[in-house]
Every structure is written in C-alpha cells, then in structure tokens.
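Visitor: What follows is a predicted structure for the sequence shown.
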Amino acid sequence: MPLIDVLALVGLSVGIAAVVAVVASAMLVAGAAAATRSRSRARIAAVRRPLRWPVAALAFVIGLSVAAGATGLQGALGDEGGRVLGQVLVIAGIAAGAWLLVRLVGVASAAVLARFAAADAGRRARKVHTQVEIMRRVLTVVVVVVAFGAALFTFEAARVAGTSLLASAGLASLVAGLAAQSLLGNVFAGIQLVVSDAIRVDDVVVVEGEWGHIEEITLTYVVVRIWDDRRLVLPSTYFTTTPFESWTRTTTQLMGAVELDVDWSVPMDAMREELDRILADEPAWDGRERLLQVTGAVGGAVRVRVLLTTADGADMAGLQHAVRERLVDWLRQRHPDALPRQRFEPFAASEGEGEGASAGRQAA
C-alpha cells in the first residue's frame, strides 16, 4: 500500500481516537457532577482534575485500537507492523488503565478524608487519615506492580522467563527473602501499625527523648516532626519493638505538671490565687483540673507541683512553659524571699574551746 494511503489511515484513526477521548472527558464532567450530587465547582473539580488526563488517555488508546482495526490500518502495516502496533496499544492501554486506577484510589481516599474531617476533627479523623493513607499507598504499589508485570508478559521472552522463574520459585523466594528481610520487616511493621492503631498522624509522642508530632506514616518508615521543626525519621519496626510515649493514644486530653523549688517561707495560698489568675488568661487550659501541691519538703527547699490539663496534647508543652515563666516572675517580683536559697548558721565555740584553740595556734 502506498505511503500516502497509510498516512491517511493513521490520520483517520488518530482523529477517531481523539474524538473518543473528547467524548470521554465530557462524560467525566457529567459523571463527576452526578457523583458529587452537588453543583459546587470545587467538588466537581476535585473529581475531574485528577481523572481528566487518565480517562482521556485510556479512551484515546481504546479508540485508536478499535479505529486501527476498523479502518484497516493494521492490515496496511503488514503482519509485522500490525503485530507491533497491536502490542504497543496493549501496553499503552495497560499503562493508561493503571494510571486511571491509581488516580481513582487517590480521589476515593480524598473523598473519605474530607468526609471524616468535616464530621470529626479529633482522634477518629486522625485514625481514619492514617489508615486511608497507608491503604492508598498499598493499593498504588499493587496496581503498579501488576501493571508492570502485565506489560512484561506481552513479550514472548518475558513469558518464557516467567515460566522458568515459577519453576524455581522455592529457591528464588528463599534468596529474595534473605535479601529483603529488613525491607519486608519494615513493610509488615508499617501494616501492623495501621491495623493495631498504635500511632496515627498528628499524634503527640516522645521518642528518643524528643517531643514531637507524627507527621507521616509510610509502609517502611515514620516521620516525627520534633518541636524545633527537625524531622526524626524512624523505621516502622522501631514502633513495634521499642517502647515510646504517646500523649494522644486514647484521647487528646492530657494532664501535665510544672515543678518549682521554692523557699520554706513561700505563701501557698497566695501562690494558688496567682495560679488561678494565670490559668484564667491561658486559652490552652481546658478547666478540667488545676491543682497546686507540695510534693517535697526536705533539705533547704520546698518542691511545689502544679497539675494542669489541656483538651489537646499538642498544647500541653506551651501551657507548661507559660505557667512556669509567670510563676517564676511572680515570685521574683512579689515574694523574692520565697526564692530558693541556702541558709548558713555560724558555729559559736564555748569559752574553754576558744582558749584551747588560741593556745594551740600560739604553740604552732
């Protein structure tokens, strides 16, 4: 067949595929409006934007595949050319389908997270956020691996190699297991963290002596944002094998303590009144508990402990710092005698002891 005829068939097939892609994009807009059950442009865009190009790509590949057969393009390219074109279209269809599935998983995850975030901004929302993010990543990895394997199996050599690998699966699995023991251990630990609900995104934890928030949970590692904006990256196995503190495990409410060493002359009633005034100005205090106790009175100081509560564990550190600072400032300005100090009492020697000491000094 002349080259001009082949080019004409190519142009016709591509034109048909482009029309199919445009129609699919228009149907996507209508489907997004129906799925969201709302005329809100923001909600429709949240569905349409991630899916627009994957849907168009998949529709284009399908349209081109059908058009190539209907217009006779595959026959015009000959046996070898038609086979190559068919294989390319199959691989492109697999890639476009995998792309669309990954984006669909992302859209579904975003919809679930938005729904729970609007209904509950507390512990349940954080739990769902963590589980949905991990499941999204797991499904994404599964889709990519399956798509890659399906694309490889379109080649004859890959199918033969796959059969050989399956025949020696025992030895291969043993070698792979030994080589990827650490990686697989972290992957299973990440899945265990999600299933057991041990930690969640935005949980307040103390790990390695550092206070911070869980910022990100992946299949292999966990990122903790420390109070000074550093990031502590820990393997998932750390949280399944090492004890750590969780301030928001069962509830976001938290009780904390502020301790001060003061002098024995400190006026306790006045200090309690000052604590009430301080807490009245602190929005982080939730009003559940406030208590000032003397927990120690040994040596030259009295140890005072203040118990405080917050509705959110993330606010506790800031409240402790503020209360400690204002109590110290109050003691320094209003009751400087109550600041911790050391007392020394001079030793008065008896008259006989004084004369003996003087005689000793003279003899020396």
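Guide: Cool, got the structure.
Visitor: which regions of the stretch 201-350 of the chain sit below the pLDDT cut-off?
Guide: Low-confidence regions of the stretch 201-350 of the chain, defined here as pLDDT under 70, cover residues 343-345, 347-350.
Visitor: Give the full set of residues in contact with the residue nearest to Ser246 when sequence neighbours are not counted.
Guide: Setting aside the residues directly before and after it, Ser246 is nearest to Val205 in space (Cβ to Cβ, 6 or more residues apart in numbering), at 5.3 Å. Where C-beta positions appear, they are placed from N, C-alpha and C, glycine not excepted. Taking Cβ atoms under 8 Å, 6 or more residues apart in numbering as the definition of contact, the neighbours of Val205 are 199, 211-214, 224, 244-247.
Visitor: Secondary structure class of Val205, three-state.
Guide: Here Val205 is strand, with the state taken from DSSP: H, G, I helix; E, B strand; the rest coil.
Visitor: Also Arg290?
Guide: In three-state terms, and counting by three-state DSSP, Arg290 is strand.
Visitor: If it is in a bridge, with which residues?
Guide: Assessed by DSSP bridges, Arg290 has beta-bridge partners Leu308.
Visitor: now it: how far from His335?
Guide: Between Arg290 and His335 the distance is 20 Å, computed by Cβ to Cβ, to the nearest Å.
Visitor: can you give me the helices for the stretch 251-364 of the chain?
Guide: Under the criterion DSSP state H, counting those that start in this stretch, the stretch 251-364 of the chain contains helices at 268-280, 316-334, 351-363.
Visitor: among the ones you listed, which is nearest Gly78?
Guide: Within the helices of the stretch 251-364 of the chain, the stretch nearest Gly78 is helix 316-334; the backing value is 73.7 Å (Cβ to Cβ).
Visitor: which of the residues in the closest one are buried?
Guide: For helix 316-334, the neighbour count (16 or more other Cβ atoms under 10 Å) marks 316-317, 319-320, 322-323, 326-327, 330-331 as buried.
Visitor: and what of stretch 212-222?
Guide: 212-215, 217, 219, 221-222.
Visitor: out of these, what pair is the most spread apart?
Guide: Gly212 and Leu219 (20.8 Å).
Visitor: shaky segments in the stretch 1-150 of the chain?
Guide: Screening the stretch 1-150 of the chain residue by residue with the criterion pLDDT under 70, one finds the ranges 1-3, 5-6, 32-44, 74, 116-127.
Visitor: rerun at 90
Guide: Counting by pLDDT under 90, the stretch 1-150 of the chain shows low-confidence ranges at 1-91, 103-150.
Visitor: Tell me where it has strands.
Guide: Listed from the start of the chain, the stretch 1-150 of the chain has no strands (DSSP state E, counting those that start in this stretch) to report.
Visitor: And the helices in it, which stretches?
Guide: For the stretch 1-150 of the chain, the helices identified by DSSP H, counting those that start in this stretch occupy 3-36, 41-70, 73-76, 78-119, 123-152, in order along the chain.
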